[in-house]
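# Below are the sequence and a predicted model for it; my questions follow.
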Amino acid sequence: MRQLLFGVAIALALAGAGFAGLYYWPIGTEAKLTVTKGDVQRGAYLARMSGCIACHTDADGGGQPLAGGLKLPTDFGTFYSPNLTTDPENGIGEWTVEQFAKAVRQGVSPDGKAYYPSFPYPFYGRFSDQDVADLWAAFQTVPPVAEPSRPHEMVPPFNVRAGLKVWRALFLQSGPHEPDPEKSEEWNRGKFIVEGPAHCGACHTPRNFMGARQANYSLQGADKLPGGGKSPPITSAALKQGGWTIRSLQYALQTGIMPDGDVLGGSMGEVVRDGTAFLSDADRKAIAMYLLE
Amino acid sequence: MKPSILIVSGVLVVTGVASAIAHGGATGIVKDRMDAMSSMAKVMKSLTAVMRGDVAYDAEAVRGGANVIKSHAGESMTHLFPEGSGGGASEAKPEIWSDWQEFASLSDQLKVFASALGEAADKGLEQSGAGVGKPGLGTMMGQGGMMGSAPMMGNTSDMAGSGMLAKMPVQGLFNRVAQTCSACHTKFRIEKK
């Protein structure tokens, strides 16, 4: 009996120490940018490509652009996208460009907390310093909206944000864009877009029980998307088998029309409407080329 | 009867057969509306080739195709979705009936754009590529940097008067038709694939 009590006491002590350690465990690295001057137009284009506007705007609920509030129901709880306007109290008006860089590329908030991976920062790790500076410049043009961000409603134990540090240690894979020197510039542009800003894998790569993407099944399609949808595989083999060509894929990303005359619906309908329809023809072609070749 | 009308009609027959196979399991009104959707898909497929310039432009084919879509839009569409006709083989989301007004409004929009496309058929393709109606960079930015105003978000101007629609080039109207299909499928179709 005494041994058992002793064991329990040790376990509790370890858990306590572990929890405290978890709480103070620093994450991320200091973000220093080699460029600080950004281009608003380029940044706005990148924001569009990255889905910032689509996800951080509750358009159906009549929300202001980038004021957040869009609901994302998942197995782990319900996320609400935060306010990204320049409002100093409720948005990111008080942030520095370094804090912004750390948030976007590393998923770490200015107060050192980990963001949930519902925010696709692991993809945004592909952004160059110039990309970040451009985005920052564009975000500076967003009118402030004094609307508080709605807290996420997580299912325990996922409400313990410190647990995300463990998640990061186990699953986080990110890093800068690595072009393939064997391939064309166009193909590499597509690689950057698909693996970075467009974060195709967020929906098209299946996730494990902890919500982490399974690299071995990259772009092979997934079910249980937020809201219950499914995504088809978009590997080269699957696309070719489905009759896709660079031309038809490029066109589908512009108009939503698929090779059989059907039109993309579901969340991909939104992706086209709010995202890829706004891209340049060259970028749509680069995406199609990377996916197919 | 013009040859192109014959083609469109022939296409419809073939489509009917194909969709009977593709939509196996559906019966009654669910099958009827799936067939109607397949007819429109067939038109979209053939007109895509026209719009991209893969085949020679044929005003009659564009008009015929637009008429097929128009004939399935508006109330013709909504009549095929009586309350309680979801579930089973149907790909209709229950939101159709909980948000009927939106569903009906998209059906009407489809009719408006398809009509305009038919009326614009004689214009031929816009060569410059300008004003094709795809949202461009400018739309995203508006005047004020990132945000601009409504164009980025909504489509309240979609129901703009027919005067404005009449000025739009053929490809732009075709894209509007496709965007309307997509908007409706995004909200109201279960993606089974």
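Yep, it's here.
# List the residues that contact A:Phe76.
Contacts for A:Phe76 (Cβ atoms under 8 Å, 6 or more residues apart in numbering or on different chains) come out as A:Tyr116, A:Met154, A:Val155, A:Phe158, A:Gly211. Where C-beta positions appear, they are placed from N, C-alpha and C, glycine not excepted.
# switch the cut-off to 10 Å
A:Phe76 sits next to A:Tyr116, A:Pro117, A:Ser118, A:His152, A:Met154, A:Val155, A:Pro157, A:Phe158, A:Asn159, A:Met210, A:Gly211, A:Pro226 when contact means Cβ atoms under 10 Å, 6 or more residues apart in numbering or on different chains.
# What segments of chain A are strands?
Using DSSP state E, the strands of chain A run over residues A:71-74, A:77-80, A:153-154.
# Highest mean neighbour count out of those strands?
Among these, the stretch with the highest mean neighbour count (mean count of other Cβ atoms under 10 Å in any protein chain shown) is strand A:77-80, at a mean of 17.
# Name every strand pairing with that one and say which way it goes.
Looking at strand A:77-80 with DSSP bridges, its partner strands are strand A:71-74 (antiparallel), strand A:153-154 (antiparallel).
# Mean pLDDT for these - can I get that in CSV?
Formatted as CSV, the strands paired with strand A:77-80 follow (pLDDT from 0 to 100):
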stretch, mean pLDDT
strand A:71-74, 92
strand A:153-154, 95
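# Please tabulate those strands in JSON lines, including the columns distance to B:Ala73.
JSON lines is the format used below for the strands paired with strand A:77-80 (distance: least, Cβ to Cβ, whole Å):
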{"stretch": "strand A:71-74", "distance to B:Ala73": "31"}
{"stretch": "strand A:153-154", "distance to B:Ala73": "40"}
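# With adjacent residues omitted, what lies nearest to A:Pro176?
A:Arg126 (6.3 Å; Cβ to Cβ, 6 or more residues apart in numbering or on different chains).
# Please state the backbone phi and psi of the one you found?
Backbone torsions for A:Arg126, taken as degrees, to the nearest 10, come to phi -70, psi -10.
# Worst mean pLDDT across the helices and strands of chain B, which element?
The helix or strand of chain B with the poorest confidence is helix B:137-141; it has a mean of 38 (mean pLDDT, DSSP states H and E).
# any weak-confidence spans in the chain?
Since no chain was named, I'll use chain A. Chain A contains residues with pLDDT under 70 at A:1-19.
# my bad, chain B
In chain B, residues with pLDDT under 70: B:1-24, B:128-163, B:193.
# Show me the longest helix that occurs in it.
As assigned by DSSP state H, the longest helix anywhere in chain B is helix B:28-51.
# Next, the buried residues of that helix.
Neighbour-count burial for helix B:28-51, with 16 or more other Cβ atoms under 10 Å in any protein chain shown as criterion, is recorded at B:30-31, B:33-48, B:50-51.
# can I get the CA coordinates of it in CSV?
Provided in CSV are the C-alpha atoms of helix B:28-51 (Å, rounded to 0.1, in the frame of the first residue of the first chain):
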residue,chain,number,x,y,z
GLY,B,28,-38.2,9.3,-59.8
ILE,B,29,-37.6,12.9,-59.3
VAL,B,30,-34.1,12.4,-58.0
LYS,B,31,-33.2,10.8,-61.2
ASP,B,32,-35.0,13.5,-63.2
ARG,B,33,-32.9,16.2,-61.6
MET,B,34,-29.7,14.3,-62.0
ASP,B,35,-30.5,13.9,-65.6
ALA,B,36,-31.1,17.6,-65.9
MET,B,37,-27.8,18.3,-64.2
SER,B,38,-26.0,15.9,-66.6
SER,B,39,-27.6,17.7,-69.6
MET,B,40,-26.1,21.0,-68.3
ALA,B,41,-22.7,19.4,-67.6
LYS,B,42,-22.6,18.1,-71.2
VAL,B,43,-23.3,21.7,-72.4
MET,B,44,-20.6,23.1,-70.2
LYS,B,45,-18.2,20.5,-71.5
SER,B,46,-18.8,21.3,-75.1
LEU,B,47,-18.9,25.0,-74.6
THR,B,48,-15.7,24.9,-72.6
ALA,B,49,-14.0,23.7,-75.8
VAL,B,50,-15.6,26.6,-77.7
MET,B,51,-14.7,29.2,-75.0
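# what about that helix, near chain A?
Yes: judged by Cβ under 10 Å from any Cβ of the partner chain, helix B:28-51 comes into contact with chain A through B:37-49, B:51.
# any idea what sits nearest A:Asn188, other than its immediate chain neighbours?
Nearest to A:Asn188 is A:Pro179, by Cβ to Cβ, 6+ apart, at 4.1 Å.
# who's in contact with the one you found?
With Cβ under 10 Å, 6+ apart, A:Pro179 has these contacts: A:Glu185, A:Trp187, A:Asn188, A:Arg189, A:Lys191, A:Phe192.
# Out of the strands of chain A, flag the one nearest A:Gln140.
Closest to A:Gln140 of the strands of chain A, according to Cβ to Cβ: strand A:77-80, at 23.7 Å.
# Show residues contacting that closest one.
Contact partners of strand A:77-80, identified using Cβ under 10 Å, 6+ apart, comprise A:55, A:58, A:68-73, A:116, A:118-119, A:149-156, A:158-159, A:226.
# Compute the number of surrounding residues for the one residue in the stretch 1-150 of chain A that gets nearest to chain B.
Nearest residue of the stretch 1-150 of chain A to chain B, counting by Cβ to the nearest Cβ: A:Thr141, 2.6 Å away. A:Thr141 has 17 neighbours, counted by other Cβ atoms under 10 Å in any protein chain shown.
# Ok, the one 10 residues further on next?
Using other Cβ under 10 Å, the number of residues around A:Pro151 comes to 10.
# Apart from its neighbours in sequence, what residue is nearest it?
Once flanking residues are discounted, A:Pro151 sits nearest to A:Tyr80: 7.2 Å by Cβ to Cβ, 6+ apart.
# now A:Ala67
Take A:Ala67 and drop its neighbours on the chain: the residue closest to it by Cβ to Cβ, 6+ apart is A:Val145, 4.0 Å away.
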